[in-house]
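Student: what follows is a predicted protein model with its sequence.
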Amino acid sequence: MIKVCDAIMGSGKSSAAITYINEHKDLKFIYITPYLNEAERIVNACSELEFVQPSNKYAEFGHQKYQHTLSLINEGKNIATTHAMFLRYSETMIEAIKKNGYTLIIDESVNVIQDMDVPEVFISLLKDAGWITQTDTDIYNLSLPSSITSNREGFGKGHCGFDIIDRISHLAESKRIVGIQDGDGKVFYCIYSKKILDAFKDVFILTYLFEASSMKYYFDIENISYQTIGISKTDGIYRFSDTEMYIPPYTESLSSMIHIFDNDKLNDIGKPKTALSFSWLSNKSSEYKAKQNQLRRNTSNYFKNYFKGVASEDKLWSTYKSGREKVVSNGYASRFLSYNCRATNEYRNCYVLAYCVNIFMRPCEKNFYLSRGVDVHEDEAALSTMIQWIWRSAIRDGKEIWIYIPSKRMRELLTDWISSVEQRYKDYKENQHNDKNE
């Protein structure tokens, strides 16, 4: 059974998972999270279950993280690991998971549809070698020889194609590659096998705005069913609930905690719908260079003049990687955080922010979902990415923040979301009041 706990930040999803683990000591768990420091939290909070983190500590003896993970699964150990490691689970691991009857807890939805960043010509070479077979117009099966998947060190670092072999070989167990037409060529994605989810007794996914996630689209493509669950909070203890959906009190006053910078002059740059998009920031024409320079001046003006007395360590900003050098300036250069970061506590002191992006799905990826009858929620996906980034800041501790969002589209998405969240909390409290009076 797959259960999706779709709840806003601060609802107690991770705390409910910890409660569930500690109250089910007879079960075996694999807990995956985006970053290692989050895995350490589970190790410490569930000490009686003796969670182990797979390690490269003994790599010099040939005992690398992959082999360590397989060894731990075979021993039936409780494991706390990362999304990246989970996506490398093999057929052998899947069989071991089935045998030992594991429960899987996924903290933040996993990107199970991965951009392979592999040239089309390389895929053609693998097809010619018989290592890739095409099953329909855009689906391929991958079957690399064991001499490659188990002995990659046979390819010297200077060997032509080594880096691509290294990148593609760990995906061999997934068996499925999708080639999507993108202009005159193709972009290749790997879709992870649903056999990994089927191998677990139960699966819990802890997330927010699941409907707009690539994992939800993956579920739709693979016809994977799931149950939506909530959170209950009783005497300070969080638990998963099939009937309740606890909403944290801070959501009642989000509009007084998140101050969206309202300045016509500085916001004018983001009026067009696609302003600050990836293509806008990557455009090298003189017209767009002038616009990018204006964005840099605006961002610098925001930090230096409107928040002049704020220490640099209390600032945080982001844009696309391709636009970073075009927007950066003295005073905030070192306070950059990737626009799609979803899990870190390192910036929780920051309260003056600038989010200089306008997020759209890649057209080829969007067309892939649409061609398979999947409803794509592009605005909600952009919103989800943005608020996860915002929640790396002081807002996560209930403190006020100030944020510059030059893109009109992104700014309106956040404003509308804040209104809807506050209304939802109001409805939640009214329902609680009515239930008490019945």
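Tutor: Great, that's in hand. Numbers count the residues shown, from 1 in each chain.
Student: so for the top helix by length along the chain, what gets flagged as buried?
Tutor: As assigned by DSSP state H, the longest helix anywhere in the chain is helix 408-437. The neighbour-count check on helix 408-437 (16 or more other CB atoms under 10 Å) flags K408, R409, M410, R411, L413, L414, W417, I418, V421, E422, Y425, Y428 as buried. Placement of C-beta: from N, CA and C, glycine included.
Student: turn those into a markdown table, columns for distance to T33 and pLDDT.
Tutor: Shown next, in a markdown table, are the buried residues of helix 408-437 (distance: CB to CB, whole Å; pLDDT from 0 to 100):
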| residue | distance to T33 | pLDDT |
| --- | --- | --- |
| K408 | 34 | 98 |
| R409 | 31 | 98 |
| M410 | 27 | 98 |
| R411 | 30 | 98 |
| L413 | 26 | 98 |
| L414 | 26 | 98 |
| W417 | 24 | 98 |
| I418 | 27 | 98 |
| V421 | 24 | 97 |
| E422 | 29 | 96 |
| Y425 | 27 | 94 |
| Y428 | 28 | 88 |
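Student: can I get those residues in a markdown table with distance to F210?
Tutor: Shown next, in a markdown table, are the buried residues of helix 408-437 (distance: CB to CB, whole Å):
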| residue | distance to F210 |
| --- | --- |
| K408 | 27 |
| R409 | 22 |
| M410 | 21 |
| R411 | 24 |
| L413 | 17 |
| L414 | 19 |
| W417 | 15 |
| I418 | 20 |
| V421 | 16 |
| E422 | 21 |
| Y425 | 20 |
| Y428 | 19 |
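Student: looking at the residues you listed, which is nearest K201?
Tutor: Among those, Y428 lies closest to K201 (CB to CB), at 32.4 Å.
Student: S232 versus that closest one, what's the distance?
Tutor: With distances taken as CB to CB, to the nearest Å, Y428 is found 13 Å from S232.
Student: which residue ranges of the stretch 301-438 of the chain form strands?
Tutor: Along the stretch 301-438 of the chain, the segments classed as strands by DSSP state E, counting those that start in this stretch run 315-318, 352-355, 401-404.
Student: ah, wrong one, I meant the stretch 51-200 of the chain
Tutor: Along the stretch 51-200 of the chain, the segments classed as strands by DSSP E, counting those that start in this stretch run 79-82, 102-107, 113-115, 132-134, 139-142, 177-182, 185-191.
Student: can you list the buried residues in the longest one?
Tutor: Under the neighbour-count criterion of 16+ other CB under 10 Å, strand 185-191 has K186, V187, F188, Y189, C190, I191 buried.
Student: next, the angle strand 177-182 makes with that strand.
Tutor: Comparing the axes of strand 185-191 and strand 177-182 via axes from the mean of the first three to the mean of the last three CA atoms, to 10 degrees yields an angle of 150 degrees.
Student: which strands and helices lie in contact with strand 185-191?
Tutor: Strand 185-191 is packed against strand 113-115, helix 120-128, strand 177-182, helix 363-371, with contacts defined by 3 or more CB pairs under 8 Å, 6 or more residues apart in numbering; DSSP states H and E.
Student: neighbouring contacts of the shortest one?
Tutor: This points to strand 113-115. Applying CB atoms under 8 Å, 6 or more residues apart in numbering, the contact partners of strand 113-115 are 87, 171, 178, 187-192, 214, 217-218, 365.
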